[in-house]
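Trainee: got a structure for you, letters missing:
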């Protein structure tokens, strides 16, 4: 297989699915099991770099933001438990993706953080990044390493990461084009690259949730699952803005990036799990190149 994109995924970031944070995953045990399966499939693809598109990272209005630091570090807490993570970021892939995006007319920003010296630059990791990474080769609790001033661990266990955060102010077609840029940069890079769209879906399933109830939640989730099962995430570009808002989804923009990746590299997807154990829903889907 030619180098470039070797794996794709839609992965949730409801972080109680991380076993160290919750015994019962707050009801999301099927999602947890599906994420372990996703991790096995991703590992089998042997990626050299993980590109994670998260809605909860550093956002720059009207641009796609990429983290340009040596590392990322973060801590997640849930009901008295916590996990810490500290991962290497891949500068070459980050800069290559940014360059390809600019070539294709997508506005991008490169965000630094913490130390101005490269080896001291560390960006905070958000839950949209940490949750998938836990199941994709970085699943260990690095006590004492989960903040930007902490020292790095003695050794890294998972692939280096590229962190991408879209702006919802960008036209949707630009987000698809950004996905094309990821695939183009991956081809040029020559290494094995995985693209992970970190997404939760409707957050308005329950009246007692923080976003209240809206009947569009179930409808939007159905449309998303159908698009993924049809191997056509790109059709979601037509999802009405009003429905996206009513359902309070946060996955559309990253999934459109995945659709762009698939424009250049044909992938076949499989939905491993859909469930809404609480007020929000989660989908796990794995995508592999079509031989």
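Mentor: Perfect, thanks for sending it. Note that the structure is predicted; figures quoted are calculated from it, not measured. Numbers count the residues shown, from 1 in each chain.
Trainee: Apart from its chain neighbours, what residue comes closest to residue 36?
Mentor: Leaving aside its chain neighbours, residue 36 sits nearest to residue 135 (6.3 Å; criterion: Cβ to Cβ, 6 or more residues apart in numbering). Just so you know, the C-beta spots here come from the backbone N, C-alpha and C atoms, and that holds for glycine as well.
Trainee: shouldn't that neighbour be in contact with residue 39?
Mentor: Yes: contact criterion Cβ atoms under 8 Å: residue 135 and residue 39 qualify, at 4.2 Å.
Trainee: Who has more neighbours out of these two?
Mentor: Taking neighbours as other Cβ atoms under 10 Å, residue 135 and residue 39 compare with residue 135 leading, 25 against 21.
Trainee: what's that one sitting at in phi/psi?
Mentor: phi -90, psi 0 (degrees, to the nearest 10).
Trainee: got a pLDDT number for it?
Mentor: We have a pLDDT of 99 for residue 135.
Trainee: pLDDT below threshold where in the stretch 1-150 of the chain?
Mentor: 1-2 (pLDDT under 70).
Trainee: can we see that at 90?
Mentor: 1-3 (pLDDT under 90).
Trainee: Between residue 135 and residue 39, which contacts overlap?
Mentor: Listed as contacting both residue 135 and residue 39 by Cβ atoms under 8 Å, 6 or more residues apart in numbering is no residue at all.
Trainee: Let me see the ranges of the helices in the stretch 151-291 of the chain.
Mentor: 172-189, 216-229, 241-247, 252-264 (DSSP state H, counting those that start in this stretch).
Trainee: Can you list the helices and strands that the shortest one packs against?
Mentor: This means helix 241-247. helix 216-229 (3 or more Cβ pairs under 8 Å, 6 or more residues apart in numbering; DSSP states H and E).
Trainee: can you check the first one too?
Mentor: Judged by 3+ Cβ pairs under 8 Å, 6+ apart, helix 172-189 is in contact with strand 4-11, helix 91-103, strand 192-198, helix 252-264.
Trainee: Next, the angle strand 192-198 makes with the last one.
Mentor: Direction vectors for helix 252-264 and strand 192-198, defined by axes from the mean of the first three to the mean of the last three Cα atoms, to 10 degrees, enclose an angle of 150 degrees.
Trainee: angle of helix 252-264 against helix 172-189?
Mentor: 50 degrees.
Trainee: go on, the second one?
Mentor: Helix 91-103 runs at 130 degrees relative to helix 172-189, counting by the same axes, to 10 degrees.
Trainee: what's next to helix 91-103, contact-wise?
Mentor: 49, 51, 64, 66-68, 70, 108, 110, 160, 162, 164, 177-178, 181-182, 184-186, 188-189, 191, 193.
Trainee: what about 6 Å?
Mentor: The contact list for helix 91-103, computed with Cβ atoms under 6 Å, 6 or more residues apart in numbering, reads 49, 66, 68, 108, 110, 162, 178, 181, 182, 184, 185, 189.
Trainee: For the residues you listed, work out which two are farthest apart.
Mentor: Farthest-apart pair in the contacts of helix 91-103 is 68 and 184; separation 19.0 Å (Cβ to Cβ).
Trainee: neighbour count winner among the two?
Mentor: The neighbour count for residue 68 versus residue 184, taken as other Cβ under 10 Å, is higher for residue 184 (23 against 20).
Trainee: Pretty sure residue 200 sits against residue 15.
Mentor: No: between residue 200 and residue 15 there is no contact under Cβ atoms under 6 Å: 10.3 Å.
Trainee: Looking at the two, which is more packed in?
Mentor: Comparing residue 200 with residue 15 by other Cβ under 10 Å, the one with more neighbours is residue 200, at 23 against 19.
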